[in-house]
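[1] Need a 3D model of the sequence below.
(one chain, ligands or ions: 1)
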Amino acid sequence: MEETVLKLQGLTKKYDNKPVVDHISMEIKKGEIFGLLGPNGAGKSTTMNMICALTKPTAGSVRIFSKEMNTVLNTRQIRRRIGYIPQDIAIHGNLKAWENVELFTSLYGLKGKELKDAVGEALEFVGLSEHRNDYAKNFSGGMKRRLNIACALGHNPELLFFDEPTVGIDPQSRNFILKKIKYINSQGATVIYTSHYMEEIEAICTRIAIMDNGKIIAVGTKEELVSLVTDDLSANMSLEEVFLTLTGKKLRDYAEGDKA
Ligand SMILES: Nc1ncnc2c1ncn2[C@@H]1O[C@H](COP(=O)(O)OP(=O)(O)OP(=O)(O)O)[C@@H](O)[C@H]1O
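    Just a heads-up that it's a prediction; the model follows:
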């Protein structure tokens, strides 16, 4: 039987008594690239932050690797096995590339040669080896995004959360990142990927949840989602058409202020 790596039950977050994530329940299996697709403000980041124990849920539960994310000990043990790439770039401009990766990787308990090797491998993986001694503040947007990813890879996580990792970067950097995510997945890691870019989700995800107004309104493979809105499977419907039909809304491709 396929192993469940993440299970959400009734996960809810309210701000000022208003739900921004509203009773989400779902399961993600080992080896999936699972896409969470929704417009700005749908609740994607809040969901990810609750899963990674960065935001406290108002209600509901998160189980990762069959352990409840509800005690300090469990959270610490689970965190060593997951990697989180935040939407807001978390690197330090006044540190060199390698220092950034070392700082984050050392938080997971790596030391000495193991730490040095892990930093080198993570920088190599994102194509920044040649810039290892450069200060992050001088990096382009795409390089910053790649360094942000390297910081979450050093400890070799089994489950990775990418929160809109391609916002505001050029197509080359975007392609590079998508290819690398597919590669990480081919090496055995499970990936959860949020985006409001339809084509990215369609290109890399094995299953997709469509989120709107804090709720998961549909979940399945692309073919399963298409079959929810049409009986004509030869219609060759795009994910965007499925989304529009299910939500009645146009997806916004750019968040406020991130238009290139
Ligand atoms: N700390 C907070 N206090 C109050 N409201 C919040 C807070 N964090 C998020 N929200 C609100 O919760 C809703 C969901 O936000 P969230 O960032 O999870 O959406 P998202 O789907 O990730 O959107 P985006 O694609 O813009 O990142 C938004 O209306 C947002 O304003």
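[2] And whichever strand or helix holds residue 99, what's buried?
    Assigned by DSSP states H and E, residue 99 belongs to helix 97-106. For helix 97-106, burial by neighbour count (16 or more other CB atoms under 10 Å) applies to 97, 98, 99, 100, 101, 102, 104, 105. In this view, the C-beta of every residue, glycine as well, is placed from N, C-alpha and C.
[3] how far away is the third one from the ligand?
    Distance of residue 99 to the ligand, computed by CB to the nearest ligand atom, to the nearest Å: 28 Å.
[4] The closest residue to residue 38 other than its chain neighbours: what secondary structure?
    Distances taken as CB to CB, 6 or more residues apart in numbering place residue 211 nearest to residue 38, at 3.6 Å, with adjacent residues excluded. Recorded secondary structure, residue 211: strand (DSSP: H, G, I helix; E, B strand; the rest coil).
[5] Report pLDDT for residue 211.
    You'll see residue 211 listed with a pLDDT of 92.
[6] count of residues packed around it?
    Residue 211 has 25 neighbours, counted by other CB atoms under 10 Å.
[7] Burial check on residue 177, number of neighbours?
    22.
[8] Verify the stated contact: it with residue 148.
    No: contact status for residue 177 versus residue 148: not in contact, 10.0 Å apart, counting by CB atoms under 8 Å.
[9] Give the intersection of the neighbour lists for the two.
    residue 165 (CB atoms under 8 Å, 6 or more residues apart in numbering).
[10] where do the helices sit along the stretch 51-200 of the chain?
    Ranges of helices within the stretch 51-200 of the chain are 72-79, 97-106, 112-125, 141-150, 171-186, 198-204, based on DSSP state H, counting those that start in this stretch.
[11] Let's have the ones you listed in JSON lines, adding distance to residue 226 and mean pLDDT.
    Shown next, in JSON lines, are these (distance: least, CB to CB, whole Å; pLDDT from 0 to 100):
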{"stretch": "helix 72-79", "distance to residue 226": "35", "mean pLDDT": "86"}
{"stretch": "helix 97-106", "distance to residue 226": "39", "mean pLDDT": "95"}
{"stretch": "helix 112-125", "distance to residue 226": "34", "mean pLDDT": "94"}
{"stretch": "helix 141-150", "distance to residue 226": "31", "mean pLDDT": "92"}
{"stretch": "helix 171-186", "distance to residue 226": "22", "mean pLDDT": "91"}
{"stretch": "helix 198-204", "distance to residue 226": "11", "mean pLDDT": "90"}
